[in-house]
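[1] heads up, no residue letters with this:
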């Protein structure tokens with residue numbers, strides 16, 4: 001196992017990061033913190049990216065107080081969970097899949113192969129808003145069909161440590177702008193490029209836009225773009 005030292009704390013305002021490819025040689029599981037620190041919705045918010053070899057387990061089945069959203073960037077993982085004392089196995093979650101896990105949900109990941117899997121994780125904790133989340137977990141297998149959503153959220157949850165979590169998948173044609181709601185906004189750019197707060201983001205990339213900063217996000221390129229937009233209200 002390899003785990004890089006924490007990144008500098010998040011500064012106020014917009015920030016973003018390309019998701020780096022792991023350097024050779026690689027350990028069976030590697031994880032790298034992209035940014036961490038307090039945000040407007042959480043006193044402790046962290047984003048990390050991981051690379052997992054086929055047949056390897058990231059960590060044993062475990063649970064923690066932090067809540068998480070994980071997005072698979074490439075490759076495939078087998079998800080193992082323990083819910084209400086019962087095991088749940090979800091094999092072969094491929095690129096574009098998304099998983100939300102609330103506090104206390106036991107989980108583990110195994111590289112399903114044939115190559116390495118890469119994924120990004122958003123993790124937060126804070127003063128508990130409620131005894132339990134309105135939804136203990138949510139799993140989206142692969143990229144959703146954007147047309148069937150018709151502007152509606154993919155999932156809307158009242159988590160334990162946030163007032164509200166809302167996930168939208170958006171496929172943006174050239175020139176199209178990103179639909180945004182209230183609260184902070186985390187982005188996972190899966191394909192294409194976006195003009196975001198005066199910067200050009202190229203997939204794969206992540207960004208975080210607090211509710212108080214200007215949030216002009218648009219596909220300024222000639223090719224389509226695809227992203228998850230994760231709204232977080234504290």
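    Structure's in. What do you need? Since the model is a prediction, treat every value here as computed from it, not as a measurement.

[2] shouldn't residue 97 be in contact with residue 138?
    No - judged on CB atoms under 8 Å, residue 97 makes no contact with residue 138 at a distance of 11.1 Å. Just so you know, the C-beta spots here come from the backbone N, C-alpha and C atoms, and that holds for glycine as well.

[3] just the helices in the protein please.
    Using DSSP state H, the helices of the chain run over 146-149.

[4] got any ranges where it has weak pLDDT?
    1-14, 25, 146-151 (pLDDT under 70).

[5] now with 90?
    Residue ranges of the chain with pLDDT under 90: 1-27, 31-42, 82-87, 126-129, 143-153, 179-183, 196-199, 209-216, 234.

[6] Would you mind listing the buried residues in stretch 199-219?
    201, 203-211, 215, 217, 219 (16 or more other CB atoms under 10 Å).

[7] Please identify which of those residues is nearest to residue 38.
    residue 210 (10.7 Å; CB to CB).

[8] residues making contact with stretch 128-140?
    With contacts defined as CB atoms under 8 Å, 6 or more residues apart in numbering, stretch 128-140 is touched by 67, 79, 81, 83, 90, 93, 97-103, 105, 154-155, 157-163, 167, 169.

[9] In strands only, show me those.
    Among the contacts of stretch 128-140, the ones falling in strands (DSSP state E) are 67, 79, 81, 83, 90, 93, 98-101, 155, 157, 167, 169.
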